[in-house]
Every structure is written in structure tokens, then in C-alpha cells.
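Enquirer: Have a look at this prediction, sequence included:
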Amino acid sequence: MLRSFVIGLFVFASGAACAQSEDDTRWAIVIHGGAGVIERGDMDAETEAAYRDALDAALSRGAGILSEGGSALDAVEHVIRGLEDDPKFNAGRGAVFTAAGRNELDSSIMRGSDRQAGAAAGVTTVRHPISLARAVMEESPHVMLAGEGAETFAADQALELVEPAYFFTERRWASMARAVEAQGLPVPPRPEGAPEPEPIREGALDLMEREHAFGTVGVVAIDQSGEIVAGTSTGGTTAKQWGRIGDSPIIGAGTYANQACGLSATGTGEFFIRLNIAARICTAIERAEADGEADAQAIADRVIQDELAAMGGDGGIVMLHRDRPVWSFNTPGMYRAALVAGGEPVVAIYGDEE
């Protein structure tokens with residue numbers, strides 16, 4: 001049943017919504033804001049409108065850069081920075097808490113033309129982890145930095161650092177507290193500098209935990225030069241322990257780009273790592289192109305709907321095949337949006353939206 005949601009909803013990629021004339025300068029952007037049990041009737045109209053507006057605003061930020069001839073790298077970083085500052089999403093401010101009561105943030109970015117990449121994992125004071133990932137790619141000889149060393153590097157690069165309490169949101173704290181109590185663990189002390197407690201509606205908390213079971217933000221863009229860049233940023237999973245790191249900062253698992261494809265994933269990170277989801281899909285597309293038979297949607301569906309689901313993994317991906325947006329997910333919903341030069345923005349939440 002979930003498979004029919006995904007296949008049915010994506011007709012827009014070749015339809016009027018993303019149509020463009022041959023005279024238009026070609027660029028495109030696709031965004032996700034997490035996947036999970038997001039179903040009609042569970043979200044009030046005000047909340048739904050807020051998410052749709054946030055996705056539409058993110059498209060506009062990216063389009064403003066790409067339409068003026070800016071780079072895909074700048075567009076991806078700039079759009080994700082905005083999502084990291086939006087407490088509705090599980091990245092940056094608004095990230096989930098670990099069982100120890102910390103926000104541990106992960107991010108990655110990759111450029112398709114030369115497969116250069118950068119990533120950061122487990123940082124706690126970097127306001128924009130995606131900017132740190134880009135700095136790792138451009139200013140270090142490495143691909144991934146983690147923890148204290150990553151934060152030292154961020155300071156050396158003059159990136160903005162904040163107190164850990166900057167990332168605090170009451171609803172994420174309440175969600176973590178409920179999760180650790182369910183596991184029989186003690187609720188950690190409230191972080192130093194956090195605001196005074198405020199009430200959280202239980203219904204809203206239930207929805208948040210379902211819709212953001214696999215919360216992550218990701219952006220893929222192609223600029224007017226044909227450069228494809230993919231980036232991902234996340235706070236990970238609620239009440240994670242022992243320094244757990246998921247797929248988001250792992251190149252090939254949660255983020256990947258080559259000359260044919262760029263992809264960002266959101267889902268059960270352990271499964272995305274085991275299947276090497278991002279590289280698996282993009283590499284298959286690149287090979288299919290060489291054979292003249294590149295059906296990107298079918299390739300993505302096969303991996304997400306069949307292989308990932310067969311292993312018990314949930315989640316989805318957004319990607320660009322050249323300048324064609326594609327997405328696939330095996331959850332009831334995923335926050336997602338796309339815009340192609342000359343077309344109209346497409347913003348969707350539920351699985352049955354086309």
C-alpha cells in the first residue's frame with residue numbers, strides 16, 4: 001500500500017508543475033524535512049500550514065541563489081542553514097535530545113563533479129553543522145570530523161559557536177524525557193541555560209514523536225553550470241545513547257552525489273548505513289545512464305520500497321537525477337518540496353499527495 005503512495009504521487013516530476021521551456025536556464029532544487037507516521041487528521045490546520053510555509057520558504061531561498069547563477073554548493077548550505085534555525089525540524093535549533101540530555105548534531109555535504117565531501121558528527125556548540133561540513137570539505141584534508149576535534153576545527157574556521165542551550169526546545173526535551181522513562185532510565189538534569197519549563201500538549205507531543213521518528217533535513221540542488229550538490233543535517237534519534245551516529249553524516253549512506261545524481265536520505269539510520277542507500281541509488285542511476293536505460297524513479301523505488309522495507313527499515317530519500325526531482329519513501333508521509341526553473345513549487349506532506 002505504501003508503495004502505491006510513492007509511485008502515484010511522483011507524476012509531477014514529468015508533469016506541468018515542473019515543466020519548463022527550452023529557453024529557461026536549467027536549475028533545480030529538492031528538499032526534505034523528515035519522514036514518519038504523518039497522516040491526515042493528525043495535524044491541525046495551523047501546524048500543517050506552518051510546515052508548508054517553511055518548506056516553501058526554503059525553496060525560495062534556494063531558488064534565489066540558483067536563478068541568479070549562484071552555485072549549488074551555496075544553495076544547499078544556505079537552505080539547510082535556514083532549516084537548522086527552524087525549531088520545527090530536527091536539525092540545529094530544535095534537534096532531539098540524547099538520553100543524557102544533550103543535542104548532538106550531525107551533517108554532511110557532497111559535490112558531484114569531483115566527489116569531494118565533508119561531514120561532522122556529534123557536535124554540540126556549532127550553530128550551523130552544515131557549514132562545518134562544508135569547511136571540512138574545503139579547508140581540511142579529511143572527510144569527517146567528530147566531537148571535540150570537530151568543534152576545535154569549527155573555532156579555527158571562525159564558524160559561529162553557541163552555548164548548548166541555544167538548541168533547546170521544550171517539546172524535544174519532553175519527548176526525550178518520556179522516551180527515557182519508557183526505557184526505565186533516569187531523566188537527566190535540565191540543561192544549564194535552558195528556559196523555564198512550559199506546558200506541552202500531549203497530543204502535539206504524540207504527533208511530533210511519530211512524524212519525526214526519522215527527522216532529518218536534506219537538500220539537493222543543481223546549478224546552471226550542471227553541478228549537483230547534496231547535503232543533510234540532523235539531530236539524530238530521540239534518547240540515543242553511547243554516542244550513536246546515524247547515516248546522515250556518512251557519505252554514501254545518508255548523502256551522496258555524482259555527475260548524474262545527488263541524494264539526501266532520512267530514515268532508520270542503521271539500515272541506511274547497512275544498505276549504503278545514497279550511493280547505492282546514485283551509482284545504479286549512473287550505470288543505467290551508461291546503458292541508456294536510466295529510470296531514476298524505478299531505481300529509487302526498488303531500493304526504498306523493496307530492499308529497505310525487506311530489511312525492516314523505514315524512511316525515504318529525495319534526489320535529483322540531473323535536473324529532475326525524484327523522491328521515494330515507505331512511511332505514510334514525508335515533508336518534501338521541489339522546484340525546477342520555469343516551474344511552480346511543489347510542496348507535500350502526506351503520502352497520497354501528487
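Expert: Arrived safely. For clarity, every value in this text was computed on a predicted model and none was experimentally measured.

Enquirer: List the buried residues of stretch 298-316.
Expert: 298-305, 308-309, 313-316 (16 or more other Cβ atoms under 10 Å). All C-beta atoms are positioned from the backbone trio N, CA, C, and that covers glycine.

Enquirer: if you look at the residues you listed, which of them are in strands?
Expert: Using DSSP state E, the subset of those located in strands is 315-316.

Enquirer: Make a markdown table from the buried residues of stretch 298-316 and add pLDDT to it.
Expert: Output for the buried residues of stretch 298-316, formatted as a markdown table (pLDDT from 0 to 100):
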| residue | pLDDT |
| --- | --- |
| A298 | 97 |
| I299 | 97 |
| A300 | 98 |
| D301 | 98 |
| R302 | 97 |
| V303 | 98 |
| I304 | 97 |
| Q305 | 96 |
| L308 | 97 |
| A309 | 96 |
| G313 | 94 |
| D314 | 93 |
| G315 | 94 |
| G316 | 96 |
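
Enquirer: Find the pair from the buried residues of stretch 298-316 with maximum spatial separation.
Expert: Maximum pairwise distance among the buried residues of stretch 298-316 (Cβ to Cβ): 20.4 Å, between A298 and D314.

Enquirer: Among the buried residues of stretch 298-316, which ones are in helices?
Expert: If you go by DSSP state H, the buried residues of stretch 298-316 have 298-301, 309 in helices.

Enquirer: Can you tell me which of these is nearest E198?
Expert: The closest of these, once distances to E198 are taken by Cβ to Cβ, is A309, at 38.7 Å.

Enquirer: Surely that closest one touches T331?
Expert: No: counting by Cβ atoms under 8 Å, A309 sits too far from T331 to count as a contact (10.2 Å).

Enquirer: Please enumerate the helices of this structure.
Expert: 2-9, 45-66, 72-84, 129-139, 147-156, 170-182, 202-211, 269-275, 277-290, 296-301, 309-310.

Enquirer: Extract the C-alpha trace of stretch 299-317 and format it as CSV.
Expert: This file holds the C-alpha atoms of stretch 299-317, laid out as CSV (Å, rounded to 0.1, in the frame of the first residue of the first chain):
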residue,chain,number,x,y,z
ILE,A,299,15.7,2.5,-9.2
ALA,A,300,14.8,4.6,-6.1
ASP,A,301,11.6,2.7,-5.5
ARG,A,302,13.3,-0.6,-5.8
VAL,A,303,15.8,0.3,-3.1
ILE,A,304,13.4,2.1,-0.8
GLN,A,305,10.2,0.1,-1.3
ASP,A,306,11.8,-3.3,-1.7
GLU,A,307,15.3,-3.7,-0.3
LEU,A,308,15.0,-1.2,2.6
ALA,A,309,11.5,-2.4,3.5
ALA,A,310,12.5,-6.1,3.3
MET,A,311,15.2,-5.4,6.0
GLY,A,312,12.6,-3.7,8.2
GLY,A,313,13.9,-0.2,7.6
ASP,A,314,11.7,2.9,7.3
GLY,A,315,12.3,6.3,5.7
GLY,A,316,12.9,7.8,2.3
ILE,A,317,15.0,9.9,0.0
